[in-house]
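1. My questions are about this predicted structure, shown below with the sequence.
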Amino acid sequence: MAKQFLKGNEAIALAAIKADIDAFFGYPITPQNEVPEYLSTLLPQHNKVFVQAESEVAAINMVYGAAGCGKRVMTSSSSVGIALKQEGISYLSGAELPCVIVSVMRGGPGLGGIQPSQADYYQAVKGGGNGDYQTIVYAPSNIQETVDLLVNGFDVAEKYRNPVMILIDGLIAQMIEAVDMDKPYKRPPFKNDFETIGTKYHGDRRVVNSLFLNPSLLEEHNLHLQKKYEIAKKEEVLVDYKDIEKADYVIVCYGTVSRIAKSAIKELTELGYLVGLIRPITLWPFPTEIFSKINPNAKGILVTELSLGQMLDDVLIANKNRFKVAFYGRTGGMVMNPEEIRDAIINFDKWVIK
Amino acid sequence: MIKYEKTSGLTESKTHYCPGCTHGILHKLVAEVLEELEVLDHTVGVASVGCSVYAYDYFNCDMQQAAHGRACAVATGIKRVLNDRVVFTYQGDGDLASIGIAETIHAANRGENITVIFANNATYGMTGGQMAPTTLNGQVTTTSKTGRNPQTQGYPIKVTEMLQHLDGVAYLERVSLTSAANAKKVKKSIKKAFEMQINQKGFSMIEVLSTCPVNWKMSPIEAMHWVDDEMSKVYPLGVFKDVTQDE
């Protein structure tokens, strides 16, 4: 199929149309602004709903309302705005409503900056909202993968009746790459027994709700959610990896950083190093199992992120104290170059976590 | 002979409201209107956070429970994807006038074709009678123990008056539930608001001055008098906007 040059945010908007969404609710924030800008034109052309909300809080609650009607709904935002959406994400999870949230990470904390970052791993993966819930989080590393995971993300959201997040950084959102938008996709029918669309369409009255004042009922509900999460852990893990069975060192990174790491690995290979790569594509569920495939005689694992060490926690859990773990990160919107990662391997012991 | 029949707009659930609280009457009036307009089977209601959170158990139609203050945003999401359905929110003053004031104003300003039932009892009922933005000057609450002092705690917020200048608003009326005669007016106003929605006129809201005898520390009758004698002075009753007036 013919590829076209698309900016990341533009491709996200086109992917939303391809996924046949019914509604988008958003609010301006850099660096994701082109997503609502494109969709404000595209959705009405397809007789679908676009609303620019008064805030990220309102936008995610509009998502809740529309998702509660069984519709395919999306929102997008960036770090500071995703912080505001956490209330709604918790409610969506509690009420078991599907939706897709695109999160374009920029530097933080606070107003931070607008340059690329991965400092919202905790926010996305560990959840900033209240309660025992999980968000299914995908971390693509290029625009094609962003498009593919976004379209598929709606199917996953509906399968689990749970929010799905597409987590990228400002680089992927703002760069231009060749993308194939013509891969065939057909939106499957979404059979459900929760949509509140009026009793004449389904018989008995329905309630979309996350309140269980009786603690034993809330525990039962949370255990029910947990069962879904256990299935997701078995069925949804996606990971890209290379040479880890024979490597002396394994680099673990996701998204944009994995592309920088691949350049570093090329340089290291020329220098005679055997370096493997683990790139989690799902950050939750995290690909814990893959770590058991690492060469038992490896000298260590280097985690590298555009943060001061967040995914690092999950790598430490997955590593089970088998290997030395080093960390190299840049923060605040600064992006490392391949040589920095190369040197972090060469001077591995300097970066080892004590 | 007058035969009393329970409205089909309410479920069989018994309400949990305190003695003398007007939520129960207000639920019944909203439910009767939905029944009389024959829209119950294609109505989606939105319950808010506060005493009326369990409205989702009481109204006999599809319901969603919204986060605190977000009912108008949730209702926007519902109405935009199902614009041939009747969509309403049922909110208290803590929910609508404090934490949800932005969602309320912007839904009104966008002219969302929804109906808001706003029960104003000048306090946070469910959490035990704290000061609300609607609390009267001098009114004693658990967070204004010597009476609300406007110099440090601000003034009673008049949401209906605020909204009347927004172009997206079709109908605004403030009513009270202090007598049988007033209750009839309340029902009429609610009907008018839903008719605005059915006729695609835009945002409609009925503010209902309501009682909270338990937190006000009054008998139910004293509470009714307090609404008539004190609350109604700060929150005058009447129609504040009606876009069909000149039609």
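-> Great, that's in hand.

2. tell me which element B:H16 falls in.
-> Assessed by DSSP states H and E, B:H16 sits outside every helix and strand.

3. what's the burial count for it?
-> Per other Cβ atoms under 10 Å in any protein chain shown, the neighbour tally for B:H16 reads 13. Heads up, the C-betas are built off the backbone N, CA and C, glycines and all.

4. Equivalent analysis for B:T7, please.
-> B:T7, neighbours per other Cβ under 10 Å, totals 17.

5. Give me the nearest residue to B:G111, chain neighbours excluded.
-> B:G168 (2.8 Å; Cβ to Cβ, 6 or more residues apart in numbering or on different chains).

6. for A:G8, same thing?
-> A:A173 (4.3 Å).

7. And the lengthiest helix in chain B, what does it pack against?
-> In chain B, with assignment by DSSP state H, the single longest helix is helix B:180-198. Contacts defined by 3 or more Cβ pairs under 8 Å, 6 or more residues apart in numbering or on different chains; DSSP states H and E place helix B:180-198 against helix B:23-36, strand B:86-92, strand B:115-120, strand B:169-176, strand B:203-209.

8. quick one: contacts of whichever helix or strand comes after the last one?
-> Of the helices and strands lying after strand B:203-209 in sequence (DSSP H and E), the nearest is helix B:213-216. Outside of helix B:213-216, the residues within contact range by Cβ atoms under 8 Å, 6 or more residues apart in numbering or on different chains are B:18-21, B:123-125, B:128-129, B:141, B:219-220, B:222-223, B:226.

9. go with 10 Å
-> Here helix B:213-216 makes contact (Cβ atoms under 10 Å, 6 or more residues apart in numbering or on different chains) with B:17-22, B:51, B:121-130, B:139-142, B:219-224, B:226-227.

10. rewinding a little: in TSV: the helices and strands packed on helix B:180-198, plus distance to chain A and mean pLDDT.
-> Formatted as TSV, the helices and strands packed on helix B:180-198 follow (distance: least, Cβ to the nearest Cβ, whole Å; pLDDT from 0 to 100):
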stretch	distance to chain A	mean pLDDT
helix B:23-36	12	98
strand B:86-92	8	98
strand B:115-120	14	98
strand B:169-176	16	98
strand B:203-209	14	98
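
11. Nearest to the spatial middle of chain B, which residue is it?
-> B:F118 (1.7 Å; Cα atoms, centre = their mean).

12. residue contacts, the residue in chain A sticking out farthest from the centre?
-> Of all residues in chain A, A:K200 sits farthest from the chain's C-alpha centroid, using Cα atoms, centre = their mean; the distance is 37.6 Å. With contact set as Cβ under 10 Å, 6+ apart, A:K200 has these partners: B:40-43, B:61-62, B:85.

13. Taking chain A, what residue is nearest to chain B?
-> A:G65 (2.6 Å; Cβ to the nearest Cβ).

14. Next, count neighbours for that residue.
-> 33.

15. Please name the residues that touch it.
-> Here A:G65 is in contact with A:23, A:25, A:71, A:73, A:97, A:196, A:208, B:44, B:46, B:64, B:66, B:70-82, B:87 (Cβ under 10 Å, 6+ apart).

16. before we move on, the earlier item: which ones, among the contacts of A:K200, also lie beside chain A?
-> B:40-43, B:61-62, B:85 (Cβ under 10 Å from any Cβ of the partner chain).

17. Pick the one among those residues closest to B:Y4.
-> Proximity of the ones next to chain A among the contacts of A:K200 to B:Y4 (Cβ to Cβ) peaks at B:L40, which lies at 19.3 Å.

18. helix/strand/coil for the closest residue to chain A within chain B?
-> Closest contact between chain B and chain A, by Cβ to the nearest Cβ, is at B:G77 (2.6 Å). With DSSP: H, G, I helix; E, B strand; the rest coil as the basis, B:G77 sits in helix.

19. Show the end-to-end separation of stretch B:220-232, please.
-> 17 Å (Cα to Cα, to the nearest Å).

20. what are the pairing partners of the helix or strand encompassing A:F25, and which direction each?
-> Applying DSSP H and E as the criterion places A:F25 in strand A:23-26. Its sheet considered, strand A:23-26 pairs with strand A:49-52 (parallel), strand A:73-78 (parallel) by DSSP bridges.

21. Now tabulate those in TSV and tack on mean neighbour count.
-> Output for these, formatted as TSV (neighbours: other Cβ atoms under 10 Å in any protein chain shown):
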stretch	mean neighbour count
strand A:49-52	20
strand A:73-78	29
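
22. List just the one of these that sits closest to B:E247.
-> Of all those, strand A:49-52 comes closest under Cβ to Cβ, at 28.4 Å.

23. export the closest one as PDB, just CAs?
-> The C-alpha coordinates for strand A:49-52 follow below in PDB (Å, rounded to 0.1, in the frame of the first residue of the first chain):
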ATOM      1  CA  VAL A  49     -19.000  14.300  17.400                       C
ATOM      2  CA  PHE A  50     -16.200  16.700  18.200                       C
ATOM      3  CA  VAL A  51     -16.400  18.800  21.300                       C
ATOM      4  CA  GLN A  52     -13.700  21.200  22.600                       C
END
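
24. Name the residues that touch it?
-> For strand A:49-52, using Cβ under 10 Å, 6+ apart, the contacting residues are A:21-28, A:36-44, A:58-59, A:62, A:66, A:71, A:73, B:73, B:76-77, B:79-81, B:83, B:110, B:112.

25. Any of those buried? List them.
-> A:21-27, A:36-39, A:42-43, A:58-59, A:62, A:66, A:71, A:73, B:73, B:76-77, B:79-81, B:110, B:112 (16 or more other Cβ atoms under 10 Å in any protein chain shown).

26. Now name the helix or strand holding A:R259.
-> In this structure, A:R259 sits in helix A:256-270 according to DSSP H and E.

27. re earlier: run a quick neighbour tally on the residue nearest to B:G111.
-> When neighbours are counted by other Cβ under 10 Å, B:G168 comes out with 16.

28. Report the contact partners of it.
-> Counting by Cβ under 10 Å, 6+ apart, B:G168 has contacts B:105-113, B:202-203.
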